[in-house]
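# From the sequence below, what's the structure:
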Amino acid sequence: MVKYQMEKGLLLATCQKETAEHLVMKDPGLIKEKRIPRSRTSAMPLMDGAASLTVEGKKMEMRREIAVLRPAMTWPAVAVSKAVVHTRTGKAQKVADRRKKRLKNAVKLLEGLEEMRMCGSDLEEISVSTGVRNDYARRLGDFWDFVEHEELEIEEVEDIDKALARYMTQQWKCGEAHNEGEKLKAAFEMANPDFARVGPHGLPRVARALKGWRKATPQQPRWPMPEEGAALIAGRLVEESKKEKGLWVLTGFSAYLRPSENSRLRIGDVIAPVSCSSKAMRHWTLFLSPFEQEILTKTKGFDEAIALDDTRMPWLGPALGKHAARRCKHFMQKGMSKADADKQPLWGFGQAEAYKEFHHAAEQVGLGWLAPTSYVLRHGGVSRDIALKLRSLEEAQRRGRWATLTSIKHYEKHGRLQWLLNKIGAATVARGQDCLRRFHTQFRDF
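Numbers count the residues shown, from 1 in each chain. The predicted structure is shown next:
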């Protein structure tokens, strides 16, 4: 079954092959009074629900369909006037009309895929990253696949509200967390601003479904990774000749970095200390979200800095400095200038690969259950500093760039940290402490 899903007007045109010779399209219905008004945004193509079907694959599919349909449009029955079309009732004319509509939809869908936009203006488009837009498109595609499979009515506003609530119920029964519903709602509202909170059309059933979803599946806590656990995982990576990935783990732990922030670091973001200045500037520093990069932090800030002044890992700053210098030299040997080399990634791998290696190493040392996401490093770092009284709550808040103290209290769990150390056992803790002592020499000549 070939599907053409257009967000403009929320029309869903489903094409299916009924005979070997002709493709007949179901009537998508008309926009009448009390039905869904046309969205003010441009047409938005939805990616197919199948994960294997990429945007490029959809483009190729549309090009093939256009190539098949356009030659058929030379059929004489299509060239007749509108007056004749209304008087003719033969099967040939109906097939010709449907071919024409299908070709028009395919061309629009291809044009939309080329632009890959979810919003009407450039400013609206850049309000979210490309990765988020693609994620939204995938979620909307899954939703429309569900609508088609269940043969749900979507002609009126109430129908859309009911279909979304029903889809959320199905996702909840499949064991999904409530944040999946939040993301779907955000995706739908971005593609259809008329349905946003400040728009003319509300989604009351969706709001109630989300409220029930939150009650039924409370947010799962992210336990903090103990320092000994992070050291043991990094030590395992070092043993496998993956020092760079081990350094990535320890940097995320010590600097309270979000995984995306850690993976987005550039060579020039590692700032050397200034020996002739005050004591505060005698540490290596990480520069997050420089203004020139035009990427906001999660708290909507630019030019944020983190001093690598961890007394438990004093060797971390110099190790990162050596790593940055080595990476810079590597790019300069390829013909880049120093300025261009400083703009290159600090790490030789992406976020997905980093998490894969992190989780694999955690499984090998028996801590896989404690590493469902690399966010546990950020929470482990702040929990350790508070537990050992290395920083005050306000200092930890500034270091982690949390907007409020309420936010940091949600993630800082030094009591849970003590419980986890007892759970993983004295032998595992001792192995982690041994790894921590050896890092000084292992990263000295990094």
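# list the contacts for Q397?
The contact partners of Q397, taken as CB atoms under 8 Å, 6 or more residues apart in numbering, are 404-405, 407-408. Bear in mind the C-beta positions are built from the backbone N, C-alpha and C, glycine included.
# among those residues, who's most crowded?
Using other CB atoms under 10 Å as the neighbour test, these are led by I408, with 22 neighbours.
# Low-confidence bits of the stretch 251-400 of the chain, can you list those?
277-280, 291-302 (pLDDT under 70).
# all helices for it, in order.
259-263, 316-332, 338-341, 351-364, 375-387, 393-400 (DSSP state H, counting those that start in this stretch).
# Can you say which of these is packed in most?
Mean neighbours per residue, mean count of other CB atoms under 10 Å, is largest over the helices of the stretch 251-400 of the chain for helix 375-387, with a mean of 24.
# now that helix against helix 393-400, angle please.
150 degrees (axes from the mean of the first three to the mean of the last three CA atoms, to 10 degrees).
# List the neighbours of helix 375-387 that are in contact with it.
So helix 375-387 is contacted by 222-227, 229-230, 249, 252-259, 312, 370, 390-391, 393, 396, 399-400, 408, 411-414, 416-418 (CB under 8 Å, 6+ apart).
# same question, stretch 351-362
229, 233-234, 236-237, 240, 242, 245, 248-249, 259-260, 262-263, 347, 349, 368, 370-374.
# These, buried ones only, as a ChimeraX selection?
Buried subset of the contacts of stretch 351-362, written as a ChimeraX selection, criterion 16 or more other CB atoms under 10 Å:
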select :229,233,234,236,237,242,245,248,249,259,262,263,347,370,371,374
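# follow-up on the earlier one: just tell me which of the helices of the stretch 251-400 of the chain ends up closest to R282.
helix 316-332 (10.0 Å; CB to CB).
# on contacts alone, who are the packing partners of the closest one?
helix 243-254, strand 270-271, helix 338-341 (3 or more CB pairs under 8 Å, 6 or more residues apart in numbering; DSSP states H and E).
# so what secondary structure elements neighbour the longest one?
If I follow you right, that is helix 243-254. Right, helix 243-254 is packed against helix 227-239, helix 259-263, helix 316-332, helix 351-364, helix 375-387 by 3+ CB pairs under 8 Å, 6+ apart.
# do that again at 10 Å, thanks
Judged by 3 or more CB pairs under 10 Å, 6 or more residues apart in numbering; DSSP states H and E, helix 243-254 is in contact with helix 227-239, helix 259-263, helix 316-332, helix 351-364, helix 375-387, helix 426-442.
# any idea of the angle that helix forms with helix 375-387?
Using the same axes, to 10 degrees: helix 243-254 against helix 375-387 is 50 degrees.
# between helix 243-254 and helix 426-442, how many degrees?
Going by the same axes, to 10 degrees, helix 243-254 makes 110 degrees with helix 426-442.
# Could you check the angle helix 243-254 makes with helix 351-364?
90 degrees.
# Report the angle between helix 243-254 and helix 316-332.
Using the same axes, to 10 degrees: helix 243-254 against helix 316-332 is 140 degrees.
# quick revisit: mark which of the contacts of helix 375-387 are buried, thanks.
By 16+ other CB under 10 Å, the contacts of helix 375-387 give 222-227, 229-230, 249, 252-259, 370, 391, 396, 399-400, 408, 411-413, 416-417 as buried.
# Please, where are all the strands along the stretch 151-300 of the chain?
With DSSP state E, counting those that start in this stretch as the criterion, the stretch 151-300 of the chain has strands at 270-271, 285-288.
# Nearest to K94, out of those strands?
strand 285-288 (61.1 Å).
# list the helices and strands that closest one packs on?
Using 3+ CB pairs under 10 Å, 6+ apart, strand 285-288 is in contact with helix 259-263, strand 270-271, strand 304-307, helix 316-332.
# how about those in TSV, adding distance to L164?
TSV is the format used below for those (distance: least, CB to CB, whole Å):
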stretch	distance to L164
helix 259-263	28
strand 270-271	46
strand 304-307	37
helix 316-332	46
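# I'd like the helices and strands packed on helix 316-332 written out as CSV, with distance to A362 added.
Output for these, formatted as CSV (distance: least, CB to CB, whole Å):
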stretch, distance to A362
helix 243-254, 10
strand 270-271, 26
helix 338-341, 33
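# Any idea which of the ones you listed gets closest to A209?
That would be helix 243-254 among these, by CB to CB, at 35.5 Å.
# and the angle from the closest one to helix 227-239?
Using the same axes, to 10 degrees: helix 243-254 against helix 227-239 is 170 degrees.
# Distance check, A186 against R139.
9 Å (CB to CB, to the nearest Å).
# Looking at those two, which is more packed in?
Higher neighbour count among A186 and R139: R139, with 20 against 16, using other CB under 10 Å.
# in the strand or helix carrying the more buried one, what's buried?
Here R139 sits within helix 130-150, counting by DSSP states H and E. The neighbour-count check on helix 130-150 (16+ other CB under 10 Å) flags 133, 136-148 as buried.
# Now that helix: average pLDDT?
Across helix 130-150, pLDDT averages out at 82.
# What helices and strands are in contact with it?
strand 2-6, strand 11-17, helix 55-72, helix 157-173, helix 178-191.
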